[in-house]
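Asker: Sharing a sequence plus its predicted fold:
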Amino acid sequence: MIASIVARSLEIPFKTAFSHASASRETTQSVWVEARTRDGAAGCGEGCPRDYVTGETLEGALAFVARLTESWLEEIFDLESLSMWTRQHRAEIDANPAAWCAVELALLDAFSKQSGKTVEALLGVPEIGGRFQYSAVIGDSAAKRFEAELSRYRQAGFLDFKIKLSGDFQRDLDKVALMKAAGIAPDSVRADANNLWANAEDAIQFLSRLDYRFRAIEEPVRAGDHASMNRIAAHTGCSIILDESLLRADQLSWFADSPKHWVANLRISKMGGLIRSLELLDLVRRSGLRLIVGAHVGETSLLTRAALTIANAARALLIAQEGAFGTHLLEHDVIDPPIMFGRGGTLDASQLPVGYGFGLTPRHADK
């Protein structure tokens with residue numbers, strides 16, 4: 001049985017601001033949840049509410065947890081009841097996925113520790129092993145700063161890149177010129193447009209003028225405008241990465257007719273936790289789409305660790321993985337040592353902490 005569920009905000013400064021077309025951020029914006037069973041097993045969870053992705057705010061996420069805590073204490077006591085609550089309250093989770101993600105991860109962590117298992121063993125998925133390859137992610141910035149960040153990633157041995165487009169043609173053309181000058185092949189680069197353009201024609205014209213055939217374009221037009229995205233994919237030859245346009249597993253049926261055009265960006269916080277992420281993964285596999293395991297800017301090592309559960313189970317579908325920045329971006333992490341990529345963007349599972357649950361012991365959770 002669960003004795004308590006406590007939520008609070010988590011705000012950690014970034015070492016440098018990160019910008020894209022939808023927002024600029026200098027600190028984390030996360031919900032941190034701690035759950036404890038009656039026999040003393042403690043678990044932690046994290047979610048990242050983003051109003052421009054799922055419509056959530058930090059205040060709303062905390063209110064959601066406060067409103068439903070008593071019901072959870074009465075109704076959820078193991079994995080089966082947790083899974084049942086998830087199935088029976090889809091609409092509530094759809095409206096509050098990041099908040100629920102934080103709660104679910106904390107409960108999974110606690111139940112796994114209580115059972116003397118890893119989270120993977122509790123969920124019945126493969127134990128994490130091997131190496132994981134992360135992408136370099138460069139925010140929207142003017143040419144000088146972009147060049148400096150690109151140089152740092154190149155010197156660190158990164159081979160896969162994601163860049164943020166601004167919609168300012170000269171600014172974005174400068175980025176492309178710097179990528180070309182560095183000898184980076186377009187098929188190693190994804191561009192995130194963050195819903196920049198009003199229609200397919202504007203997007204096609206802009207991308208054609210850039211004269212750089214990206215491997216894929218993420219969310220070029222408004223979320224859910226599938227017809228425009230299809231036209232962009234057909235005209236440019238680029239796959240379309242679905243982020244804000246894929247918030248729930250039942251939306252995947254919209255893309256089943258032309259799977260080669262689409263790549264799902266699975267962010268655990270956006271999807272509402274691991275159970276729903278595994279459901280989406282199964283549907284992605286059956287639908288013939290490919291997958292990116294993504295991350296929100298400012299995630300701590302806890303969400304990095306949770307995302308490895310999905311990435312490890314999705315290796316045959318995985319074309320890229322994002323996140324694992326740890327103290328490369330954060331002034332400090334709640335986990336010490338933090339889980340983050342090393343040289344070349346690689347993370348070796350043999351270096352992960354070993355233990356029940358997620359195997360992590362949070363050092364602190366600053367408000």
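Answerer: That came through fine.

Asker: Give me the phi and psi angles of the residue nearest in space to the middle of the chain.
Answerer: With the centre of the chain defined as its mean C-alpha position, the nearest residue by Cα atoms, centre = their mean is residue 295, 2.3 Å away. Main-chain dihedrals, residue 295, degrees, to the nearest 10: phi -150, psi 150.

Asker: quick one: it from residue 66, how far?
Answerer: 27 Å (Cβ to Cβ, to the nearest Å). (C-beta placed from N, C-alpha, C; glycine too.)

Asker: Please tell me how far the nearest residue to the residue nearest to the centre of the chain once chain neighbours are set aside sits from residue 306.
Answerer: Spatial nearest neighbour of residue 295, chain neighbours left out: residue 323 (2.8 Å); criterion: Cβ to Cβ, 6 or more residues apart in numbering. Separation of residue 323 from residue 306 (Cβ to Cβ) stands at 10 Å.

Asker: which of the two has more neighbours?
Answerer: Neighbour count, other Cβ atoms under 10 Å: between residue 323 and residue 306, residue 323 has more, with 28 against 25.

Asker: Just to be sure, that one is in a helix?
Answerer: No - counting by DSSP: H, G, I helix; E, B strand; the rest coil, residue 323 is not part of a helix but coil.

Asker: so where's this protein uncertain?
Answerer: 17-25, 364-367 (pLDDT under 70).

Asker: For the helix or strand residue 304 falls within, C-alpha coordinates in CSV please.
Answerer: Using DSSP states H and E, residue 304 falls within helix 301-313. The C-alpha atoms that make up helix 301-313 are tabulated as CSV, following Å, rounded to 0.1, in the frame of the first residue of the first chain:
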residue,chain,number,x,y,z
SER,A,301,18.9,12.1,-14.6
LEU,A,302,15.7,10.5,-13.4
LEU,A,303,13.8,11.0,-16.7
THR,A,304,17.0,10.1,-18.5
ARG,A,305,17.1,6.8,-16.7
ALA,A,306,13.4,6.2,-17.3
ALA,A,307,13.8,6.9,-21.1
LEU,A,308,16.5,4.2,-21.2
THR,A,309,13.7,1.6,-20.5
ILE,A,310,12.0,2.6,-23.7
ALA,A,311,15.1,3.0,-25.8
ASN,A,312,16.4,-0.4,-24.7
ALA,A,313,13.1,-2.0,-25.7
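
Asker: Counting by contacts, list what that helix packs against.
Answerer: Helix 301-313 sits against strand 42-47, helix 97-115, helix 119-123, strand 131-133, helix 268-271, helix 274-287, strand 290-293, strand 318-321, with contacts defined as 3 or more Cβ pairs under 8 Å, 6 or more residues apart in numbering; DSSP states H and E.

Asker: now the ones you listed in JSON lines, with distance to residue 221 and mean neighbour count?
Answerer: Shown next, in JSON lines, are the helices and strands packed on helix 301-313 (distance: least, Cβ to Cβ, whole Å; neighbours: other Cβ atoms under 10 Å):
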{"stretch": "strand 42-47", "distance to residue 221": "27", "mean neighbour count": "27"}
{"stretch": "helix 97-115", "distance to residue 221": "22", "mean neighbour count": "27"}
{"stretch": "helix 119-123", "distance to residue 221": "36", "mean neighbour count": "20"}
{"stretch": "strand 131-133", "distance to residue 221": "29", "mean neighbour count": "16"}
{"stretch": "helix 268-271", "distance to residue 221": "19", "mean neighbour count": "30"}
{"stretch": "helix 274-287", "distance to residue 221": "22", "mean neighbour count": "20"}
{"stretch": "strand 290-293", "distance to residue 221": "19", "mean neighbour count": "24"}
{"stretch": "strand 318-321", "distance to residue 221": "21", "mean neighbour count": "20"}
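
Asker: closest one to residue 181 among these?
Answerer: Among these, strand 318-321 comes nearest to residue 181, with 23.0 Å by Cβ to Cβ.

Asker: strands paired with the closest one, and their directions?
Answerer: strand 290-293 (parallel) (DSSP bridges).

Asker: Using PDB, write out every CA atom in the partner strand.
Answerer: The C-alpha trace of strand 290-293 is given here as PDB (Å, rounded to 0.1, in the frame of the first residue of the first chain):
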ATOM      1  CA  ARG A 290      10.400   4.600 -36.900                       C
ATOM      2  CA  LEU A 291      11.100   6.100 -33.500                       C
ATOM      3  CA  ILE A 292      13.100   8.700 -31.700                       C
ATOM      4  CA  VAL A 293      13.200   8.600 -27.900                       C
END
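
Asker: Name the residues that touch that strand?
Answerer: With Cβ atoms under 8 Å, 6 or more residues apart in numbering as the test, strand 290-293 has contacts from 239, 241, 262-267, 281, 284, 307, 310-311, 314, 317-323.

Asker: Distance from the chain centre to it, please.
Answerer: 10 Å (Cα atoms, centre = their mean, to the nearest Å).

Asker: And stretch 282-296, by the same measure?
Answerer: With Cα atoms, centre = their mean, you get 12 Å for stretch 282-296.

Asker: Over to stretch 26-35?
Answerer: 14 Å.
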